[in-house]
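Colleague: the following block contains a protein sequence and its predicted model.
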Amino acid sequence: MSAERAGPLASAAVRAALSGDAPQSLWRQAARRFRRNRAAMGSVVVLALIAASSVLVPAVWPHGIEDANWESILTPPTWANSHWFGTDANGRDLFVRVFYGGRVSLTIGLLTTLVALSIGVFYGSLAGFTGGRTDNLMMRLVDVMYSMPLLFFIIILVTVFGRNIYLVFVAIGCIEWLTMARIVRGQTLAVKTREYVESAVAIGLGRGAILRRYVIPNVLGPVIVYVTLLIPTNIVVESYLSFIGLGVQEPLTSWGVLISQGAGQLDSAPWLIAFPAGFLAVTMFCFNFIGDGLRDALDPGER
Amino acid sequence: MSATTPAPLLEVHDLTVHYALPGRSRFLGGGKLRVHAVDGVSFDLGEGETLGIVGETGCGKSSLGRAVLQLVRPTAGSVRWRNRDLCTLPEGELREVRRELQIIFQDPLSSLNPRMTVGEIVAEPLRLHQPGMPAEERQRAVAEMFTRVGLRPDMTSRYPSEFSGGQAQRVSIARAMILAPRLIVCDEPVSALDVSIQAQVCNLLRDLQRETGISMIFISHDLAIVRYMCQRVLVMYLGQVMELADRDALFDRPLHPYSRALISAVPRADPQHLVAEIPVLDGEMPSPIDPPGGCPFHSRCPQAIPRCISTRPPLEDTGDGRKVACHRWREPPGSVPQMTRQP
Amino acid sequence: MVQRQPVGPDQTMSRLLAVTGLNVRFRTEGGALDAVSDLGFAVHAGECLGIVGESGSGKSQTFLAILGLLAANGSATGSARFDGQELLNAPPASMNELRGNRIAMIFQDALSGLTPTMRIGEQMVEVLAVHRGLGAAEARRRVLEVLQIVRIPDAQRRLRAYPFELSGGMRQRVMIALAMLCNPDLLIADEPTTALDVTVQAQVLKLLAGLKRHTGSGIVLITHDLAVVAGLSDRVMIMYAGRAVESGPVREIFSTPLHPYTIGLLRSVPGLEHDPAVELPTIAGQPPDLARLPPGCPFAARCGRVIDRCLTDLPPLRELRPGHLAACHRAGEP
């Protein structure tokens, strides 16, 4: 009954097969569904613009990020002098600083997520696929690490190794892969019992090949969705660390650093917090819309 | 029939599969709860022969099929394939033997990797076991196999989700057959298919068997299809063999009360055969976790006597090549006084 | 001779459900899709109508449409009158009043028909409270009575069980008990035994047969299995690609089937009488795509008796023998 109810909806692909349209891999079908999602596609465009500006603006803008202009301290946003977003207490141009901060924030978001992704997928799929005692042991280790607060962990790292931007990557990546590993392990356990994995065993395929070609491609869907949600999370974590002085340090800057500086002058120069916070918020929204769009595109049945 | 059967290719002896229920260990009592999926099953299978395994959900027939192929490792017993015990074979050698042993599953869509094209799926065994084969030759072999199972060769670049159930099952069959295996386990291969497609797939399997002389283990709950496909039939209940007999002997004169109940419960495509008049077996199969002692069937058997509750009947040879596990098989069914049962 | 109106064995019998000109259409990614086309039939009190078809034949969508349970992208037109009241596109409130009360349903997947977080007893008592306004003690008495009828052993204890604690057969029996609680006039059973084992299937079918005999309810038995229909139904309707291709008294359908699809189906099911040495005749090919139905007979592409006319003209349902209709240009030819 449920099969038949789904029948007329699910048969689009069968229909394509009978009519001789191009083959439809699941990825391609998902891409088609994603392209139809306006919010997600709009977010991709906005995000691409922010990313492109973060790369280009600091390179072409007349002001550098550290150029202090003592003539115009705390200028509100103006078209004059190319201080579009105004200047800070040192007369530095906020426009270039926001995009430079975006460069740092986005890079940290991407790189930490990449770290979390690689460790998490490897660790989680290995644990789930091996199963038994190994799985148990590996996941208990994850539980133990989970119980360690991120802030505590970072303070230890900073006191031992001193302040260092790479430390921020390591710290965030080291904590965030735990959730990724759990997600991947859960998916692997589900995929492992599917009959196509069993039939790969029956063919005589080795464990490595089964993991690589049968298990991992089929757990990637939820992983991709989680990645799009993890990037903004990590950007916020970085902002928060910078805000309390543990993250990116001057002269480098990031959205978190800018917000932290702007917060001190909220009354006298509200633009100092408004612009970086605005960009941060828009970026978060975009990633979330993309995440939602991807989830709908990859699992159309689960809406 | 069995007298003319050639020397067995496959000998299964006392095969036992117990699963430990995860996370259900008795905290202080020690030891985990165990599911007795397969309990001491023995049979053999000759070249080109089809053995049917019938029984209801949870009787262990799927576990038996998987244990024969070592997809689940048996707890005890042996599976001798060409005189080598697969149960003790090291992983590497077992993988090599697997090219001769294949399986087809019930759900055709979930047995195909959704991220691979059907062409890649069918080519996979070739790539693995004949890595030296040139790509064009492999493609030719795949196309040939597609034609043989009734699919168009130009469908190879499509993905499983684009296929109907019947077509997907043909892809599964193509993948299983491409290495020319000698034994194929079919686990409910047609029960997920539409009625008009079931007969097509059954006939395809029969044709392929006639052409290649492959041996087959055909697992199904559908007695009519088992009768159509198999020469010998093994009736299972709660992980144990109730009866093992040639097809005609079993269907014409079932000796075990459970075989009789199964056969009489099959609905007939005949309006004269009113549902209301079908003799119905009460109750359901007991749980395979801590199964009852004695004969596993005693709780539902209309002919149970006190001995059935206390002693497990051995699988006896009846003298004409069939085996039955019932204390009372010698008594003709009509003469057996029925035990009074509560409604 | 052309007969599109529902035909019963006896027009004087009270007509419980009369469906005429029913169309069910889905909007999908690939365009509109007709799941049910121009369907007409009737169900009378005290009879069992068997509806046979494969997946995609529209047999389930027909009743989902009638009961107002279509998926969001589906719409239905035509008419379905239950005891004189129009059901199609009726307001949800009036449907809720009928469903589970005068019209009851049993589904293939009994687990999805039961609320997982409520005990069996609570669910059954609630139905009686909602539809009949019975008090707790009275409702409980009725629930126990019904559980006894469906032969659930140890009913008192089962009342406290959650659905997942019951076996498949037991769950299906609880579903049937739930359906019987309010003495429905019409019971719709959609593949009630497909998920069950043969011995349990026989128990459930027997239960339905008893129900028909003792309560006088009308029963609609929807299934893909001709054999299930044979021993229980009074009349049978065969559906293919959203249309009725044949309908008639059960004995006629099995003894003198008229439509090539029915004939093919009957032949391709092995049964216990078929000689295993003889190759099973099959119906070649696949059912058509509902979004791209051919202009003529939907079965033409798979039919062994196809003529030119079959490819262009849709054959109407014709009454070829008393009460026995078939939609085939060549039915009735020698």
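Modeller: It's in.

Colleague: partner residues bridging the residue nearest in space to the middle of chain C?
Modeller: Per C-alpha atoms, centre = their mean, the C-alpha nearest to the average position across chain C is that of residue C:222, at 2.6 Å. With DSSP bridges as the criterion, residue C:222 is bridged to residue C:51, residue C:190.

Colleague: what's the answer for residue C:325, then?
Modeller: Here residue C:325, judged by DSSP bridges, has bridge partners residue C:247, residue C:319.

Colleague: that one is in contact with residue C:249, isn't it?
Modeller: No: at 10.9 Å, residue C:325 does not count as touching residue C:249 under the criterion of C-beta atoms under 8 Å. Placement of C-beta: from N, CA and C, glycine included.

Colleague: same drill for those two, tell me which one is more crowded.
Modeller: residue C:325 (25 against 18; other C-beta atoms under 10 Å in any protein chain shown).

Colleague: where does pLDDT dip in chain B?
Modeller: Counting by pLDDT under 70, chain B shows low-confidence ranges at B:1-7, B:22-32, B:332-343.

Colleague: least confident secondary structure element in the chain?
Modeller: Chain wasn't specified; assuming chain A. helix A:2-10 (a mean of 35; mean pLDDT, DSSP states H and E).

Colleague: can you look at chain C instead?
Modeller: helix C:110-113 (a mean of 71).

Colleague: after that one, next one along is what?
Modeller: Counting by DSSP states H and E, the next helix or strand C-terminal to helix C:110-113 is helix C:120-132.

Colleague: now residue 238: which helix or strand?
Modeller: Picking chain A for this. Going by DSSP H and E, residue A:238 is part of helix A:216-243.

Colleague: I was thinking of chain C, sorry if that wasn't clear
Modeller: Using DSSP H and E, residue C:238 falls in strand C:235-240.

Colleague: centre of the chain to that strand, how far?
Modeller: Centroid separation for strand C:235-240 versus its chain: 9 Å, with C-alpha atoms, centre = their mean, to the nearest Å.

Colleague: got any ranges where the stretch 201-303 of chain A has weak pLDDT?
Modeller: Short version for the stretch 201-303 of chain A, where the test is pLDDT under 70: A:299-303.

Colleague: get me the contact residues on it for chain B.
Modeller: A:201, A:202, A:203, A:204, A:205, A:206, A:213, A:214, A:217, A:218 (C-beta under 8 Å from any C-beta of the partner chain).

Colleague: the third one and residue B:123 touch, don't they?
Modeller: It stands for residue A:203. No: applying C-beta under 8 Å as the test, residue A:203 and residue B:123 come out as separate, 11.0 Å apart.

Colleague: which strands or helices does the helix holding residue A:238 pack on?
Modeller: Under the contact criterion of 3 or more C-beta pairs under 8 Å, 6 or more residues apart in numbering or on different chains; DSSP states H and E, helix A:216-243 touches helix A:94-130, helix A:165-192, helix A:255-264, helix A:271-298.

Colleague: out of those helices, which comes closest to chain C?
Modeller: Evaluated over these, closeness to chain C peaks at helix A:271-298, with 12.5 Å, by C-beta to the nearest C-beta.

Colleague: buried stuff in the closest one?
Modeller: A:271-277, A:279-280, A:283-284, A:286-298 (16 or more other C-beta atoms under 10 Å in any protein chain shown).

Colleague: and what of stretch A:176-193?
Modeller: The neighbour-count check on stretch A:176-193 (16+ other C-beta under 10 Å) flags A:176-185, A:187-189, A:191-192 as buried.

Colleague: that stretch vs chain B: in contact?
Modeller: No: contact of stretch A:176-193 with chain B (C-beta under 8 Å from any C-beta) is absent, the minimum separation being 9.6 Å.

Colleague: per-residue confidence averaged over that stretch?
Modeller: Taken as a whole, stretch A:176-193 has a mean pLDDT of 89.

Colleague: touching that stretch from outside, list them.
Modeller: The contact list for stretch A:176-193 (C-beta atoms under 8 Å, 6 or more residues apart in numbering or on different chains) reads A:112-113, A:115-121, A:123-125, A:127-129, A:131, A:135, A:139, A:142, A:145-146, A:197, A:214-215, A:218-219, A:222-223, A:226, A:230, A:233-234.

Colleague: make it 6 Å
Modeller: A:116, A:119-121, A:123-125, A:127-129, A:142, A:145-146, A:215, A:218-219, A:222, A:226 (C-beta atoms under 6 Å, 6 or more residues apart in numbering or on different chains).

Colleague: filter the residues you listed down to the buried ones.
Modeller: Buried among the contacts of stretch A:176-193 by 16+ other C-beta under 10 Å: A:116, A:119-121, A:123-125, A:127-129, A:142, A:215, A:218-219, A:222, A:226.

Colleague: tell me which two in these are the farthest apart.
Modeller: Spanning the widest gap among the buried ones among the contacts of stretch A:176-193 are A:142 and A:218, at 21.7 Å by C-beta to C-beta.

Colleague: helix or strand: which one has residue 157?
Modeller: All of this refers to chain A. Going by DSSP H and E, residue A:157 is in helix A:150-161.

Colleague: please refer instead to chain C.
Modeller: Per DSSP H and E: helix C:155-158 holds residue C:157.

Colleague: would you mind listing the buried residues in that helix?
Modeller: C:155, C:158.

Colleague: from chain B, how far off is residue A:286?
Modeller: Using C-beta to the nearest C-beta, to the nearest Å, residue A:286 is found at 28 Å from chain B.

Colleague: spatially nearest residue to that residue, not counting backbone neighbours?
Modeller: residue A:43 (3.8 Å; C-beta to C-beta, 6 or more residues apart in numbering or on different chains).

Colleague: kindly report the residues of chain C close to chain A.
Modeller: Applying C-beta under 6 Å from any C-beta of the partner chain, we find that chain C lies next to chain A at C:26, C:28-30, C:33, C:35, C:55-56, C:60, C:107-108, C:190, C:289, C:291.

Colleague: from these, pick the one nearest chain B.
Modeller: Among the residues of chain C next to chain A, and counting by C-beta to the nearest C-beta, the member closest to chain B is residue C:55, at 5.7 Å.

Colleague: now the helices for the stretch 151-300 of chain B?
Modeller: B:165-177, B:195-212, B:223-229, B:247-252, B:257-265 (DSSP state H, counting those that start in this stretch).
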